[in-house]
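Compute the structure for the input listed below.
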Amino acid sequence: MSAHIRVLVVDDHPIYRKGLLAALAGEPDVEVAGEAASAEEALQMLGVLEGIGVVLMDLNMPGVGGLAAIGAVEREHPGVRVLVLTMTGGDASVDAALRAGAAGYLVKGANQERIVSAIRSVAAGEMVLGAEVAGHLSRTLRRMPVAAGAFGELSAREREVLELLARGLDNALIARTLFLSEKTVRNNASAIFAKLGAGSRARAVALARDAGFGTNNKGDGPG
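Numbering: from 1, shown residues only. Take a look at the predicted model:
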């Protein structure tokens, strides 16, 4: 199988970076197209390298730093997905990275299999969160009033599910975040689509985002 996911690895710690390169080298569908030691270097490389699908990026780097780089990638290279791989899964870091446009967030310590799986998932357009991060998102959701007044016909649980749908999470990740079974999530999603008169998931998400779901108007959660 020829490589078809081109990855740029960005981390200022050379030993860890080299370890990532070695871990990815044996994957038949993943090609490391380049490596960078800073956000500035990564952005320069993205302007030169072709076909990059995923940037695997640390947040805590000297200079511009990972958060600013995520925003720059989102603006300047909209087809490129950023997967954060960093030391901390603290609430503020998670919120800031997701608001900036990160497609995934893992904490260093994730094993090779998890990292490779996450690269494949974000390359396919999915959002990926590590277990610690999913727990944070669940806590944020519980304490955040979601789009108050919108879609009053939905139950509280359906509003939670709709919020996560609008954030781009798939059924499996919604289930993990809300501690539900995937079947329950599917049932809630079907009820949401019916109540909103939405013929598809994409239409329901569009309606939800228009109503303010998927963002945090108070600025204290991921967007």
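
Any figure for the gap between the residue in the chain sticking out farthest from the centre and G212?
With distances taken as Cα atoms, centre = their mean, the residue sitting farthest from the centre of the chain turns out to be E153, at 29.1 Å. With distances taken as Cβ to Cβ, to the nearest Å, E153 is found 16 Å from G212. All C-beta spots, glycine's among them, are computed from the backbone N, C-alpha and C.

And the average pLDDT for the top helix by length along the chain is what?
When secondary structure is assigned using DSSP state H, the longest helix within the chain turns out to be helix 182-196. Predicted confidence along helix 182-196 averages 92 (mean pLDDT).

Now do the buried residues in it.
Judged by neighbour count (16 or more other Cβ atoms under 10 Å), helix 182-196 contains these buried residues: 184-185, 188-189, 191-193, 196.

and if you look at stretch 112-120?
Buried positions in stretch 112-120, judged by neighbour count with 16+ other Cβ under 10 Å: 115-116, 118-120.

before we move on, the earlier item: so after the longest helix of the chain, what's the next helix or strand?
Helices and strands here follow DSSP states H and E; after helix 182-196, the next one along the chain is helix 201-210.

Just the C-alpha atoms of that next one, please, in PDB.
Below are the C-alpha coordinates for helix 201-210, written out as PDB (Å, rounded to 0.1, in the frame of the first residue of the first chain):
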ATOM      1  CA  ARG A 201     -27.300  15.100  10.000                       C
ATOM      2  CA  ALA A 202     -25.700  17.900   8.000                       C
ATOM      3  CA  ARG A 203     -28.900  19.800   7.900                       C
ATOM      4  CA  ALA A 204     -29.500  19.400  11.600                       C
ATOM      5  CA  VAL A 205     -25.900  20.600  12.300                       C
ATOM      6  CA  ALA A 206     -26.500  23.700  10.100                       C
ATOM      7  CA  LEU A 207     -29.700  24.500  11.900                       C
ATOM      8  CA  ALA A 208     -28.000  24.000  15.200                       C
ATOM      9  CA  ARG A 209     -25.100  26.300  14.400                       C
ATOM     10  CA  ASP A 210     -27.400  29.000  13.100                       C
END
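
domain parsing for the chain?
Domain ranges of the chain: 5-129, 136-210, per automatic domain parsing.

which stretch in those has the least confidence?
domain 136-210 (a mean of 82).

Distance from that domain to the middle of the chain?
When C-alpha coordinates are averaged (Cα atoms, centre = their mean, to the nearest Å), domain 136-210 and its chain have centres 17 Å apart.

quick one: S38 and P62 touch, right?
Yes: A contact is recorded between S38 and P62 when judged using Cβ atoms under 8 Å, the distance being 6.6 Å.

quick revisit: packing partners for the longest helix of the chain?
Helix 182-196 makes packing contacts with helix 156-166, helix 171-178, helix 201-210 when contacts are defined by 3 or more Cβ pairs under 8 Å, 6 or more residues apart in numbering; DSSP states H and E.

how about those in a markdown table, adding distance to V133 and mean neighbour count?
Rendered in a markdown table, the data for those read as follows (distance: least, Cβ to Cβ, whole Å; neighbours: other Cβ atoms under 10 Å):
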| stretch | distance to V133 | mean neighbour count |
| --- | --- | --- |
| helix 156-166 | 13 | 22 |
| helix 171-178 | 9 | 20 |
| helix 201-210 | 21 | 16 |
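
Turn these into a markdown table, including distance to H4.
Conversion of those to a markdown table gives the following (distance: least, Cβ to Cβ, whole Å):
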| stretch | distance to H4 |
| --- | --- |
| helix 156-166 | 28 |
| helix 171-178 | 23 |
| helix 201-210 | 25 |
